[in-house]
Every structure is written in structure tokens, then in C-alpha cells.
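Enquirer: Predicted model follows, preceded by the sequence.
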Amino acid sequence: MISVEHVKVSYGGPNVVDDVSFDIPAGRITGLIGPNGAGKTTMFNAIAGHVPLAGGRIKLEGKDITSLKPHQRAARGLARTFQIPHEFSQLTVIENFMAAAATPIGENVFNVIFRRGRFAEEEEKTYRAARDMVAFLEIDQVKDEKAGNLSGGQKKLLELGRALMQKPKIILLDEIGAGINRTLLAKISDKILLLNKEQGLTFCLIEHDLDYVSKLCDEVIVMAQGTLLMRGAVDEVRQDARVIEAYFGGGKYEARP
Ligand SMILES: Nc1ncnc2c1ncn2[C@@H]1O[C@H](COP(=O)(O)OP(=O)(O)OP(=O)(O)O)[C@@H](O)[C@H]1O
């Protein structure tokens, strides 16, 4: 689905991602793990087009997307969530979902003036899709709440819903489970597994809790200090001496309390 080929990224100084190559296979849930500062979010930024590459290329379904802007990559089916949710805080949950929907028909003047009927029809369709998303995520009680007033966990659900409204083929989830309680965490994993199994949606997720990763992911890619350390099944990776050294600093792994 995604091929990362010899990617390098620099924020002005030395490369923080340095010659990294891996594939994210279609229809699977792949984890991207590694210690703080390993370059995981930077890699997501590179894949989604939020930072320029200092070298290498990114392919989506075999096509080179390296020169495409983020919205062009989104139009080809690539969605992402952010570690710090990017909601429109003054809009309600429903409005946030509508704003995130793929290619609203009313976006240019021609459509607004000459295709009013069609515009209303599309808007109604988008509204229905937004309502369906509220139902899918089971957040009916906050659907008319301004996004800025939601709890941290509810914002994570909103972030997932906004990505899903783009009708993507692949979603990059950046620490969707961070800082939320176990009940909500379980709910989010159920949704991810359902979307993967029933719709074949591809996921790549960054997450620090390896127990959580092992429940969701078929395979994990491990980064450390801007490089690719290894990839494999979670249990295999967990026992690898290089990973223990890099990821856990040689210490014992502590599960989420
Ligand atoms: N906008 C930026 N400008 C300059 N340096 C940055 C920027 N963003 C990240 N970095 C640096 O790039 C390196 C990789 O950071 P990145 O956030 O990609 O790591 P990470 O693996 O996602 O870490 P974490 O698990 O803590 O989120 C770090 O040394 C970080 O300080």
C-alpha cells in the first residue's frame, strides 16, 4: 500500500530520519514503535506530505507521491491523525465531520451558483455521513457539542472520525491511545479492528504501549535514532536484544497502569 524508500528528513540540522525504507502492507494493521525522539512522527509527516524529504521517495499503491501536497495525498486515500488533535474547536462534532468529508461539491463558485440543487443534495449526503459517523463512534451525546469542549478521549474519537470521513484506503494513527482511559482505549481498538476486518482498511499506528500494539497489529516496524531497527511480529520484536536496548534502555518494560 505504502512504500517508504530510503527516506531522509532534516529540520535544518542532521537528518532525524536517515535512509529509512519499509512497506506498509495493504489490508493489515502495522505498528510503528520506538523510543521518544526515534523519528516516528516525522516519518508520518513525511508520508502524509507535511515535511519535505531530504532524500528518498514515498509511493502509494505503486505510484510516486513524493511531490504531492498533503491534500493531494488525502485525495488519493491517505488519511492521518495527529498526536495533538487538530479539530475545529468552534465547530460542533457533526460540523467537524462534515468539514472533513471528501471533496465537498460546494467548494467552488461555479457549483454554488449553477448547481444549487446538487449542492443541497451533496450537503444532505455529507450530513447523513456525519450522523452515521457519530453513530459508528457512539458519541451521540456530544454530537452538537463544540469540539473545543470535548474531553481528551472524545477528541481522539473525533480525530479518528475526521480521518474516516475522508473515506481513506489507509489511515496513519499517531498515538490515538495516548492519555485515554482503558474503556475508551478498548472501544477505539474495537473500531479499528472492525474497520480493518470488515472494510479492509489499512492502518499504520504509532503507539508506546506494546500490550495495546500486540492486540491490534499484525507486525511492527521499530525505529530508533532516525533509523529502521527491525520489523517483525510483536512478540519477536519484544525479545530482540537491540530493541530492548534501544526501546527500553535495557530496563524492564512497564505496562500501562
Ligand atoms: N518541527 C521540528 N523541528 C525541529 N526538530 C524536530 C521537529 N519535530 C521533531 N524534531 C526532532 O526530530 C527528532 C524526531 O522527533 P519525532 O517527533 O519524529 O520522534 P518520535 O519518535 O515521534 O518521538 P515521540 O515518541 O516522543 O513522539 C527529535 O529529535 C525531535 O526533537
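Expert: Thanks, I have the structure now.
Enquirer: Briefly note if the helix or strand harbouring residue 45 comes near the ligand.
Expert: Residue 45 belongs to helix 40-48 when assigned by DSSP states H and E. Yes: residues of helix 40-48 contacting the ligand under Cβ under 6 Å from any ligand atom: 40-42. From N, CA and C alone the C-beta is placed, and that goes for glycine too.
Enquirer: Mind putting the residues you listed into a markdown table with neighbour count and pLDDT?
Expert: Below are the residues of helix 40-48 next to the ligand laid out as a markdown table (neighbours: other Cβ atoms under 10 Å; pLDDT from 0 to 100):
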| residue | neighbour count | pLDDT |
| --- | --- | --- |
| 40 | 26 | 96 |
| 41 | 19 | 96 |
| 42 | 22 | 97 |
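Enquirer: Sort out which one of those residues lies nearest residue 97 for me.
Expert: The closest of those to residue 97 turns out to be residue 41 (Cβ to Cβ; 24.4 Å).
Enquirer: ok, residue 89 touching residue 146?
Expert: Yes: the pair residue 89 and residue 146 qualifies as a contact (Cβ atoms under 8 Å) at a distance of 6.6 Å.
Enquirer: Neighbour count: these two, which is higher?
Expert: Neighbour count, other Cβ atoms under 10 Å: between residue 89 and residue 146, residue 146 has more, with 16 against 13.
Enquirer: Ramachandran coordinates for that one?
Expert: When quoted as degrees, to the nearest 10, the phi and psi of residue 146 stand at phi -70, psi 140.
Enquirer: give me every residue that touches it.
Expert: With contact set as Cβ atoms under 8 Å, 6 or more residues apart in numbering, residue 146 has these partners: 89-92.
Enquirer: ok, it to the ligand distance?
Expert: 28 Å (Cβ to the nearest ligand atom, to the nearest Å).
Enquirer: thinking in terms of the whole chain, how far from its middle is the helix holding residue 45?
Expert: Chain-centre distance of helix 40-48: 10 Å, with Cα atoms, centre = their mean, to the nearest Å.
Enquirer: again, but for stretch 138-152
Expert: From the chain centre to the centre of stretch 138-152 is a distance of 20 Å (Cα atoms, centre = their mean).
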